[in-house]
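# here is the input, now give the coordinates:
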Amino acid sequence: MTLSTGNQLRAARALADVEQKWLADKSGVSINTIRNMEARGAEPITSGAMTVRKVQLALEEAGIEFLNHGQPGVRLKGSAQS
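This is a model prediction of the structure:
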């Protein structure tokens, strides 16, 4: 599944217990881009596909799994299905 909303990004970052700066450094995008992506809230992220992919990959390396079962979500990899 893919990263799709600002709220999903914020939740993923909180679950991974990482700061915006860490994510920016790890993904190779600017901290302002991370802030702008999160500021979208429940709306779809409008950043380019490559930017979103870089951020998603960094979070997946930190143990996050992205879910889109009817609505965007996140969980730690290896967590039990609900």
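# distance of Leu6 from Ala62?
Actually, residue 6 is Gly rather than Leu. Distance of Gly6 to Ala62, computed by C-beta to C-beta, to the nearest Å: 18 Å. Where C-beta positions appear, they are placed from N, C-alpha and C, glycine not excepted.
# quick check: Ser29 touching Val55?
Quick fix: residue 29 reads Val, not Ser. Yes - counting by C-beta atoms under 8 Å, Val29 sits close enough to Val55 to count as a contact (6.4 Å).
# more neighbours: which of those two?
Between Val29 and Val55, Val55 has the larger neighbour count (other C-beta atoms under 10 Å), namely 25 against 20.
# from memory that one sits against Ile34, does it?
Yes - taking C-beta under 8 Å as the definition, Val55 is a contact partner of Ile34 at 7.0 Å.
# between Gly6 and Ala62, which one's more packed in?
Gly6 (22 against 18).
# list the residues that contact both of Val55 and Ile34?
9, 23, 27 (C-beta atoms under 8 Å, 6 or more residues apart in numbering).
# what about Asn7, which helix or strand?
Here Asn7 sits within helix 6-16, counting by DSSP states H and E.
# what is that helix packed up against?
Helices and strands touching helix 6-16, by 3 or more C-beta pairs under 8 Å, 6 or more residues apart in numbering; DSSP states H and E, are helix 31-38, helix 49-61, strand 64-68, strand 72-76.
# which one of those lies nearest to Val18?
helix 49-61 (8.0 Å; C-beta to C-beta).
# where are the low-confidence patches of the chain?
79-82 (pLDDT under 70).
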